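**Student:** prediction below, plus the sequence it came from.
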Amino acid sequence: MKTIVALVCLLGIFPGQAQTRSDAQPVPASQTASETVPEPLPADAPAVGELADRVDALERKASAWDKILAHLPRVSGYIQLRYLWDDADQSSFSIRRARFDLQGDISKKIDYRLQVEFASEVQIMDAFVQFKPFRQLNVKVGQYKVPFSIENTDYLPLKFEFIDYPMALRKLMGFNEVIGGQTLSAAGRDMGMTLCGGFGKRDGYSLVNYDFGVFNGTGINSSDNNRSKDVAARLSVKPVKGLTLSGSYYWGEYGKAYLKRRRYAVGACYDRGAIVVRSEWVGGTTGIAATETAPVNDLNSDGWYAMVGWRASHTWMPVARYESFYADSDARSATRQTNYTVGVLWQPLKQLRCQLNYTYEDYALQTTGNKHVIAVMLTGIF
C-alpha cells in the first residue's frame with residue numbers, strides 16, 4: 001500500500017516539475033523574432049493607396065511652386081564707392097554707381113531685364129525684353145549696351161578689371177562724348193532693337209557671333225531728336241576658346257542739324273585661365289555744327305589701348321594698361337593724351353571687390369600739366 005501511494009505521489013510531482021522547467025527555459029532569439037506577431041495597425045490608419053495619393057499631391061504642389069519661383073525675377077545689384085585724388089586740384093569721395101537689377105524669364109525663349117541707377121540721380125540703365133527662338137537668331141528690344149567694341153559689349157563693371165574705361169571708348173561711344181555742343185553721358189547705352197546670334201557651336205561657345213542694331217542715337221531715357229536712326233553692327237570671331245577677334249561699326253546722325261557720327265573699332269582679346277590680354281583701336285568722325293563764321297565741319301578722333309592682367313590667385317589680380325587718345329587726328333602732336341595705369345584687383349569675397357589704380361597722365365600740350373592720379377573703389381554686391 002505504501003509503495004502504491006509513493007508511486008502516485010511521484011507521478012504527480014514529476015509532471016509538474018517537467019512543466020515548470022519547460023516554461024522557465026528561455027526562447028532563442030531567432031525563434032522569437034520569427035514567431036513574433038506584429039501589433040495590428042490602428043483602425044484609422046491610412047491605406048497604402050491613400051498614402052501614395054498624398055505623396056502625389058505634395059509633388060504636384062512642389063512642382064507648381066517651382067514653376068512660380070522660376071518666373072519670379074532674380075534680384076541683384078551693387079554699390080561702388082570711389083575715392084579720387086590727383087596732384088592738381090582733386091581729392092573727393094563719390095558714389096560711382098548704385099544699381100538695382102531685376103532679371104527674369106517669361107518663358108524658355110523670352111527673358112527680360114530692368115536695371116536702375118540711383119547714384120546722383122535715378123536713371124533707367126537697362127530695360128529690355130529678349131526673344132531667343134534660335135541660337136542663330138535673337139531679338140532684343142528696349143534700352144541696353146550698344147553692341148560696339150569688346151569692352152563696351154563684353155566687359156560690364158562687375159567684370160571690368162580697371163576703375164575707368166579707356167579714353168577712346170569714353171569719348172567716342174556715349175560715356176563722355178561731346179557732340180553738337182552737348183555731352184552725351186549714356187554709359188555706352190541707347191534705345192533700339194538688335195538682332196544677334198551665333199554660328200558654329202563648339203565646346204559651349206559659337207565660332208562666329210554677330211550683332212546688328214537700330215537705335216535712336218541720343219543715349220539713355222531720351223527720344224530721338226531727328227528723323228534719322230543710327231545703326232550699329234559688330235562681328236566677332238572666336239577661333240579658339242578664350243580668344244576673341246572683333247570689328248565694330250557705327251553710323252549715325254545727331255540732332256536737328258544731322259551732325260555726322262561715325263565710329264569704328266577693331267580689337268582682340270585673350271581671356272582664359274590666369275591671363276587676360278586685350279587691345280583695341282577706336283576711331284570716329286564727329287560733325288561740328290556750323291556757326292556764323294564757320295561752315296559744318298568734321299572732327300576726326302582716334303585712340304587705342306593695350307592691357308594685361310594676371311590672376312595670381314582666386315582673389316588677387318594685378319593689371320596694367322597703356323592708352324593714347326587723339327582728340328583731333330589731324331593735329332596729333334597737339335591733342336594727344338597718353339595714360340599709363342597700373343593697379344590691383346582684390347576680391348576676398350564674392351560680394352566684395354576692392355580696386356586700386358595709379359595713373360600717370362601725359363599731355364602733349366605744354367599748357368596742360370601732366371598729372372598723377374590715384375583712384376580707389378570698393379564694390380559691394382548683393
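**Tutor:** Received the coordinates, thanks. Residues are numbered from 1 along each chain as shown.

**Student:** hey, let's count contacts and neighbours off CA atoms from now on
**Tutor:** Fine.

**Student:** in the stretch 251-382 of the chain, what spans have low per-residue confidence?
**Tutor:** 292-294, 296 (pLDDT under 70).

**Student:** if you go through the stretch 51-200 of the chain in chain order, where are the helices?
**Tutor:** Assigned by DSSP state H, counting those that start in this stretch, the helices in the stretch 51-200 of the chain fall at 150-154, 167-172.

**Student:** mind putting those helices in TSV, distance to residue 193 included?
**Tutor:** TSV is the format used below for those (distance: least, C-alpha to C-alpha, whole Å):
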stretch	distance to residue 193
helix 150-154	15
helix 167-172	21
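
**Student:** out of the ones you listed, deepest packed?
**Tutor:** Highest mean neighbour count among those (mean count of other C-alpha atoms under 10 Å): helix 167-172, with a mean of 24.

**Student:** helices or strands up against it?
**Tutor:** The helices and strands touching helix 167-172, judged by 3 or more C-alpha pairs under 8 Å, 6 or more residues apart in numbering; DSSP states H and E, are strand 177-179, strand 275-288, strand 297-310, strand 316-326.

**Student:** what comes up buried for the third one?
**Tutor:** Which is strand 297-310. For strand 297-310, the neighbour count (16 or more other C-alpha atoms under 10 Å) marks 300-310 as buried.

**Student:** any chance you could list what contacts it?
**Tutor:** Strand 297-310 has contacts (C-alpha atoms under 8 Å, 6 or more residues apart in numbering) with 161, 166-168, 260, 274-290, 317-330.

**Student:** now it - C-alpha only, PDB.
**Tutor:** What follows is strand 297-310 as a C-alpha-only set of coordinates in PDB (Å, rounded to 0.1, in the frame of the first residue of the first chain):
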ATOM      1  CA  ASN A 297      33.000 120.700 -90.300                       C
ATOM      2  CA  ASP A 298      34.100 117.200 -89.400                       C
ATOM      3  CA  LEU A 299      36.400 116.300 -86.500                       C
ATOM      4  CA  ASN A 300      38.400 113.100 -86.700                       C
ATOM      5  CA  SER A 301      39.500 111.400 -83.500                       C
ATOM      6  CA  ASP A 302      41.000 108.100 -82.600                       C
ATOM      7  CA  GLY A 303      42.800 106.200 -79.800                       C
ATOM      8  CA  TRP A 304      43.900 102.800 -78.700                       C
ATOM      9  CA  TYR A 305      44.700 100.800 -75.600                       C
ATOM     10  CA  ALA A 306      46.500  97.600 -74.600                       C
ATOM     11  CA  MET A 307      46.100  95.900 -71.200                       C
ATOM     12  CA  VAL A 308      47.300  92.800 -69.500                       C
ATOM     13  CA  GLY A 309      46.100  91.200 -66.300                       C
ATOM     14  CA  TRP A 310      47.300  88.200 -64.300                       C
END
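
**Student:** show me what it pairs with in its sheet, parallel or antiparallel.
**Tutor:** Strand pairing for strand 297-310, using DSSP bridges, gives strand 275-288 (antiparallel), strand 316-326 (antiparallel).

**Student:** still on that earlier bit, just put the helices and strands packed on helix 167-172 in CSV and tack on distance to residue 382.
**Tutor:** Below are these laid out as CSV (distance: least, C-alpha to C-alpha, whole Å):
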stretch, distance to residue 382
strand 177-179, 31
strand 275-288, 26
strand 297-310, 25
strand 316-326, 21
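
**Student:** right, and the ones you listed - which one's nearest residue 156?
**Tutor:** Ranking those by proximity to residue 156 (C-alpha to C-alpha) places strand 275-288 first, at 14.7 Å.

**Student:** circling back to that earlier point, right, and the helices and strands packed on helix 167-172 - which one's nearest residue 235?
**Tutor:** Nearest to residue 235, of those and by C-alpha to C-alpha, is strand 275-288 at 14.1 Å.

**Student:** tell me who's in contact with residue 366.
**Tutor:** Residues counted as contacts of residue 366 (C-alpha under 8 Å, 6+ apart): none.

**Student:** that's a strand at it, yeah?
**Tutor:** No - counting by DSSP: H, G, I helix; E, B strand; the rest coil, residue 366 is not part of a strand but coil.

**Student:** would you check how far apart it and residue 207 are?
**Tutor:** 47 Å (C-alpha to C-alpha, to the nearest Å).

**Student:** and residue 370, by the same measure?
**Tutor:** For residue 370, the distance to residue 207 - C-alpha to C-alpha - is 44 Å.

**Student:** the longest strand anywhere in the chain pairs with which strands, parallel or anti?
**Tutor:** Counting by DSSP state E, the longest strand found in the chain is strand 91-107. Strand pairing for strand 91-107, determined by DSSP bridges: strand 74-86 (antiparallel), strand 110-117 (antiparallel).

**Student:** for residue 91, find the nearest of the strands paired with strand 297-310.
**Tutor:** Once the strands paired with strand 297-310 are compared by C-alpha to C-alpha, strand 316-326 is nearest, at 23.0 Å.

**Student:** other residues contacting the closest one?
**Tutor:** 161-162, 166-168, 301-312, 332, 335-347.

**Student:** buried stuff in it?
**Tutor:** Under the neighbour-count rule (16+ other C-alpha under 10 Å), strand 316-326 has 317-326 buried.

**Student:** could I get the CA-only coordinates of that strand as PDB?
**Tutor:** The C-alpha trace of strand 316-326 is given here as PDB (Å, rounded to 0.1, in the frame of the first residue of the first chain):
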ATOM      1  CA  TRP A 316      44.300  88.800 -56.400                       C
ATOM      2  CA  MET A 317      44.800  90.300 -59.900                       C
ATOM      3  CA  PRO A 318      47.400  92.800 -60.800                       C
ATOM      4  CA  VAL A 319      46.700  94.800 -64.100                       C
ATOM      5  CA  ALA A 320      48.400  97.300 -66.300                       C
ATOM      6  CA  ARG A 321      47.200  99.400 -69.300                       C
ATOM      7  CA  TYR A 322      48.700 101.800 -71.800                       C
ATOM      8  CA  GLU A 323      46.400 104.100 -73.800                       C
ATOM      9  CA  SER A 324      46.600 107.100 -76.100                       C
ATOM     10  CA  PHE A 325      43.800 109.300 -77.500                       C
ATOM     11  CA  TYR A 326      44.000 112.000 -80.100                       C
END
